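Asker: could you look at this predicted model? Sequence included:
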Protein chains: 4
Amino acid sequence: MTDQQIRTVIIGASGYTGGDFIRLAHTHPHIKITGLVANTHAGSRADEVFPHLRFADVPKMVKADEVKWEDVDAAICGLPHGTAQDIISTLPKHVKIIDMSADFRLRDVETYKQWYGRSHDHVDLYTEVAYGLTEHNRDAIKAARIIACPGCYPTAVLLGLLPLVSAGVINTDHLILDAKSGVSGAGRSPKQNTLFCEAGEGLSPYAIGSHRHTPEIEQELNKAANLRDIEVSFIPHLVPMSRGELITGHLTLTDGKTIEEARAALEAAYENEPFVHVTEEGVIPGTQHVRGSNHCLIGIFPARKAGRIVLIAAIDNLVKGSAGQALQNFNLAFGLEETTGLTQLPLFP
Amino acid sequence: MTDQQIRTVIIGASGYTGGDFIRLAHTHPHIKITGLVANTHAGSRADEVFPHLRFADVPKMVKADEVKWEDVDAAICGLPHGTAQDIISTLPKHVKIIDMSADFRLRDVETYKQWYGRSHDHVDLYTEVAYGLTEHNRDAIKAARIIACPGCYPTAVLLGLLPLVSAGVINTDHLILDAKSGVSGAGRSPKQNTLFCEAGEGLSPYAIGSHRHTPEIEQELNKAANLRDIEVSFIPHLVPMSRGELITGHLTLTDGKTIEEARAALEAAYENEPFVHVTEEGVIPGTQHVRGSNHCLIGIFPARKAGRIVLIAAIDNLVKGSAGQALQNFNLAFGLEETTGLTQLPLFP
Amino acid sequence: MTDQQIRTVIIGASGYTGGDFIRLAHTHPHIKITGLVANTHAGSRADEVFPHLRFADVPKMVKADEVKWEDVDAAICGLPHGTAQDIISTLPKHVKIIDMSADFRLRDVETYKQWYGRSHDHVDLYTEVAYGLTEHNRDAIKAARIIACPGCYPTAVLLGLLPLVSAGVINTDHLILDAKSGVSGAGRSPKQNTLFCEAGEGLSPYAIGSHRHTPEIEQELNKAANLRDIEVSFIPHLVPMSRGELITGHLTLTDGKTIEEARAALEAAYENEPFVHVTEEGVIPGTQHVRGSNHCLIGIFPARKAGRIVLIAAIDNLVKGSAGQALQNFNLAFGLEETTGLTQLPLFP
Amino acid sequence: MTDQQIRTVIIGASGYTGGDFIRLAHTHPHIKITGLVANTHAGSRADEVFPHLRFADVPKMVKADEVKWEDVDAAICGLPHGTAQDIISTLPKHVKIIDMSADFRLRDVETYKQWYGRSHDHVDLYTEVAYGLTEHNRDAIKAARIIACPGCYPTAVLLGLLPLVSAGVINTDHLILDAKSGVSGAGRSPKQNTLFCEAGEGLSPYAIGSHRHTPEIEQELNKAANLRDIEVSFIPHLVPMSRGELITGHLTLTDGKTIEEARAALEAAYENEPFVHVTEEGVIPGTQHVRGSNHCLIGIFPARKAGRIVLIAAIDNLVKGSAGQALQNFNLAFGLEETTGLTQLPLFP
């Protein structure tokens, strides 16, 4: 497969996740970007939309209906939820779809409707969908036509929690997830609360108890625990940085279980993983240490009180939390080495 | 008392808390700063140490032994812990001491030794000490000679938790406190982790389960609950902003209690307070909304899971978390209107 | 005048300059804010628009036509240019107007039209207008009904240059002004280029050779030099900070003049000024040292090449560059001590 | 040469430029890092010094005298000036040296002594040295044993000015260079002025007329212009961002020359260059658009006044301004494709 060029179209190329996929694809030897779809910027050169793409050899932005889909192998979808399902449903069946939106993450359409405020009109496609948390769903991802990449928060949360829940070392009744994200998670559309002067030099909790990533986290935890009623406390905060996401999991050990068993479960899960790393005892992850990379750092620590532990998971929300994981899934889907295009080190400082 | 000029010396005037006390004192009609003590900067003009003090009429920095203490009414101490107790013990008895350090906060000297790594050599002074959490300890503060102002984190935590614990509405077995602070909390001494390039564009948990403010929080909660064994999970994070501190309390209601009762307890505690404010239902505090001011915003919200609530408390760590609360205590100690010098609005943006 | 309450309405109260005037007015003993005009937010409480105004006792936002102007003494106008002239022209003659917009700054209506893209429809009002650069125009400001406060950049530039130009120590043929501003200068309306992720961690020149503050600077310099043809090179840059403005003036001495004469001219101009300060030799101003205050720091330095000097002027763009200077002019207009409400020290860090 | 592994040691591996060279080398197919020298961190793993290097396969830090230099092909030196010359003089002659320090940049040892405050003790090595401004000195760089990489500021300044000076289109008597840098340029040693709280939310000019990069800029301009007396006004500013450097050149055209000729000179110089790009008319470079990459953006614009032009040059100070240019020179020195390891796109946002 060394000479293969996979003809790839990015839908929603003017958003941050679309832009970051282009960045990563730029050093990928088997991706040929043949289309950039951005309806409101159709006709623009990529560097007019994202000046840093001046150095990439990519086509102009076009509208979705200008793409000749018969010549396309893969579509990367970075559209907002709600919009994505409609366009994805129109794509021909030979196109592999890596969807970074939320539209195919929730298996239950009622839950989708409740949290996303519109009906899901393409339930029929679900037979072709896999949930794209790479490290925990490789077989399904390889087999699927549509890969529903997890949300940024669910990615960090689930990478940390799934091995613990699967091993039964933590009490699923006490899952308290204090989440922090950089501002890029809010997207590139101008809004007052993401202005430099509003988000800078300040810290803002938001969507307390009501963030849309909550049911997604619960769906996957329930699946791993073979339960139906897990409810998490998920409280996100907006942090004055562009990139980065950190989950502080305040967890309770199952009676009789120890932090050593928790650590062992994490280490076993990720010992051969190229992108997920459990830090040594006492080494605390920070988001700046994964910035721009597809890596996830997980640390586990005793809390003061007996029976309580603290889980820290750090990712770059735009990379492992979105475009990087999408590329990892892309590689998997096309039979490529999973790390292709993803080997660059974090940018620090 | 309108013409009174209280002769005030600031010890540790070259640190951020000392500097911020000078800022606040500048508009206070009854404070005359007669001494600025900063041993390593003795001989310097204040504006050589802090250029923004060029606009204040303050004396040069001196060494502690250059101060004529007989002409001093009040000492504000912004020294690091360990150093503070030694100098405070030497001050003449007529001097009121507002101590922003940690040295007289913990009543138990064994606990002090365990967490601060040195012995407490001035236990005899404890009879003259009051813990300076203004809103909850006014009588003792008025009567004391030495006011031990709370740490920045304990201030925000306790303002939020004390009314809930006192009212018995929350379960003291499940006190999970996810704390976030701006970088000024780490002080002005150059350290690698507080460099712009290290602390900027990143988020770092630190001192997981081992922060020195933990026993202080527990001491006061135990006192309020009339218990001895409360242990809190207190996990601090360094946030890329200069000022601001936010506590996200993940709390569990006592069986049979409701969030309405929790809200009522908070509102009752603070309804007449000038600096502590409970936000309306759904209004989420952010640190940028109190920046530079002595105000504390407290919000309370239902978590997703029945029986769980989320408490948010936001302060400026240098003001309500240190110099502002010190000035509030100063006013109380000297029989002044408690808000004197503290009425300025937050600086936003 | 000590008991006077000046009934003041802020027009454009939902913008950053309007908001900062409210902050400053809050500690002013003679201002009673009786109206906040913000058309798109009419009906909202101030703290719904600016959460930090929760601690201020101000009325709800209203539309301009809801104000009873007969009960108003002063109007502070923080509207965008173009909009301001229309509303100002409708106000009754007994109302003093402190206009922070650009609409009455340029005396030449053709120049206004050329740079601001619309006609000036209220030229008749110009007889009542004074240019509000306080330190250089006190008599006119006192006498005027409408005070046209300078733009933020012109304020810093002119405070630095006017004494030098008036004294004839610099060559007006070589006025190179490299200007840098924090993001708040771009206003509070959501725009892509002022998002945290776009303006953060980066530096962007803009409006090279075409910024609207250019003719304003030239107008005042020509007046001071008794010339008509001064043209400045004015190049602004957007800096990743919320507040602050710094001018680096690359200047050439008039033949035979010295940097000592330049320094003397500046020192003479400002020796008794409460808000403009010439730094000592070698002391370099920074914007963080004036943040939140009405102070301006001016430094003057030899450049490497003989005959060249460097002028540095630093202000807070929202205070001395807008709302603070407006309040200073307000004080002047109402016969109050000029520093009233403006004595607070900078907020550092 | 496709299988060649060049055994490379990084001296000064604990500094930002050393660390960034490691990042870039990580994706370079022909670099094998066989040694990391960092005297004060000898014995530490790389990720203990730089947590983001956890994902790189690099050896532990050692002292310089622990390296077996006979097994080394190339040394990258990221030491502070003064220290570099001493260690470089001891390296065996078969080792190619890419020096990112200032020690071999100035050809005149008296100038070195005057600006760097110590004597140059290894003048004899100068016959083996080339100045490493890649685009303008390729032949010498290929032939040299020691490549003295330019300072970050000189890189950006000279890339912009050399074509203009060589073509005679600008007046070398009026070279005004207003420079702005991110904080990483000040290095990783803790200093008060580079703390987050001091450098954040503020803008600080520094070293006015006295920055050490001045003689380096003048040396190269004089050489290009075949002159001896060029003096530049070079005024640097510290900007609250980690990475990025921007030069605003306020230039004067030579009599009779036009901005079109200036643009043509720049375009001719860089039309085939992979890393230096002249922007289209009206397109203004910003540092965020080159962040993390080896690219330099140059824009040229008319100033308001006839005969004046504005040159903007933007780079990442740690990449094109240091480690990236070092790698570009490394590639050149070892006969590799010059872009090897340097093709990644900027990280935006």
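Answerer: That came through fine.

Asker: what's in contact with stretch A:103-120?
Answerer: Contact with stretch A:103-120 is made by A:81-82, A:84-85, A:88, A:102, A:123, A:125-126, A:129, A:131, A:146, A:148, A:150-151, A:154, A:212, A:214-216, A:219, as judged by CB atoms under 8 Å, 6 or more residues apart in numbering or on different chains. Bear in mind the C-beta positions are built from the backbone N, C-alpha and C, glycine included.

Asker: and it, how far out from the chain middle?
Answerer: Mean-position distance between stretch A:103-120 and its chain equals 18 Å (CA atoms, centre = their mean, to the nearest Å).

Asker: hmm, who's touching stretch A:271-282?
Answerer: Residues outside stretch A:271-282 that contact it (CB under 8 Å, 6+ apart) are A:135, A:159, A:263, A:266-267, A:269-270, A:285, A:294-301, A:320, A:328, A:338-339, A:342, D:54-55.

Asker: and those, which of them are buried?
Answerer: A:135, A:159, A:263, A:266, A:269-270, A:285, A:294-301, A:320, A:328, A:338, A:342, D:54-55 (16 or more other CB atoms under 10 Å in any protein chain shown).

Asker: those residues in strands, which ones?
Answerer: With DSSP state E as the criterion, strands contain A:296, A:297, A:298, A:299, A:300, A:301 from among these.

Asker: now tabulate these in a markdown table and tack on distance to residue B:33.
Answerer: Below are those laid out as a markdown table (distance: CB to CB, whole Å):
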| residue | distance to residue B:33 |
| --- | --- |
| A:296 | 51 |
| A:297 | 47 |
| A:298 | 50 |
| A:299 | 46 |
| A:300 | 49 |
| A:301 | 44 |
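
Asker: can you lay out the residues you listed as JSON lines showing distance to residue D:69 and pLDDT?
Answerer: Shown next, in JSON lines, are these (distance: CB to CB, whole Å; pLDDT from 0 to 100):
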{"residue": "A:296", "distance to residue D:69": "39", "pLDDT": "98"}
{"residue": "A:297", "distance to residue D:69": "35", "pLDDT": "98"}
{"residue": "A:298", "distance to residue D:69": "40", "pLDDT": "98"}
{"residue": "A:299", "distance to residue D:69": "38", "pLDDT": "98"}
{"residue": "A:300", "distance to residue D:69": "42", "pLDDT": "98"}
{"residue": "A:301", "distance to residue D:69": "43", "pLDDT": "98"}
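
Asker: near chain B, which of the contacts of stretch A:271-282 show up?
Answerer: A:285, A:301 (CB under 8 Å from any CB of the partner chain).

Asker: got the buried residues for stretch A:185-196?
Answerer: For stretch A:185-196, using 16+ other CB under 10 Å, the buried residues are A:185, A:186, A:187, A:188, A:194, A:195, A:196.

Asker: coming back round to it: tell me which two in the ones in strands among the buried ones among the contacts of stretch A:271-282 are the farthest apart.
Answerer: Using CB to CB, the pair of these lying farthest apart is A:296 and A:301, separated by 16.6 Å.

Asker: Provide the secondary structure category for residue A:248.
Answerer: Here residue A:248 is recorded as strand under DSSP: H, G, I helix; E, B strand; the rest coil.

Asker: nearest residue to it in space, please, no chain neighbours.
Answerer: residue A:178 (4.4 Å; CB to CB, 6 or more residues apart in numbering or on different chains).

Asker: next, the one you found: phi, psi?
Answerer: Phi and psi for residue A:178, reported as degrees, to the nearest 10, are phi -90, psi 110.

Asker: ok, residue A:77 next?
Answerer: phi -110, psi 120.

Asker: how about it, what does it touch?
Answerer: A:11, A:12, A:84, A:87, A:88, A:97, A:98, A:99, A:100, A:101.

Asker: how about the residues of the stretch 1-150 of chain A that lie near chain D?
Answerer: Residues of the stretch 1-150 of chain A lying near chain D (CB under 8 Å from any CB): A:16, A:19, A:22-23, A:26-27, A:50-56.

Asker: any chance of these in CSV, plus pLDDT?
Answerer: What follows is the residues of the stretch 1-150 of chain A next to chain D, written out as CSV (pLDDT from 0 to 100):
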residue, pLDDT
A:16, 98
A:19, 98
A:22, 98
A:23, 98
A:26, 97
A:27, 94
A:50, 98
A:51, 98
A:52, 98
A:53, 98
A:54, 97
A:55, 97
A:56, 96
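
Asker: what parts of the stretch 201-349 of chain A come near chain D?
Answerer: Near chain D, when you scan the stretch 201-349 of chain A using CB under 8 Å from any CB, you find A:201, A:242-243, A:277, A:283, A:286, A:288-293, A:295, A:297, A:343-349.

Asker: in strands, which of these appear?
Answerer: A:277, A:297.

Asker: what helix or strand is residue A:219 on?
Answerer: helix A:213-225 (DSSP states H and E).
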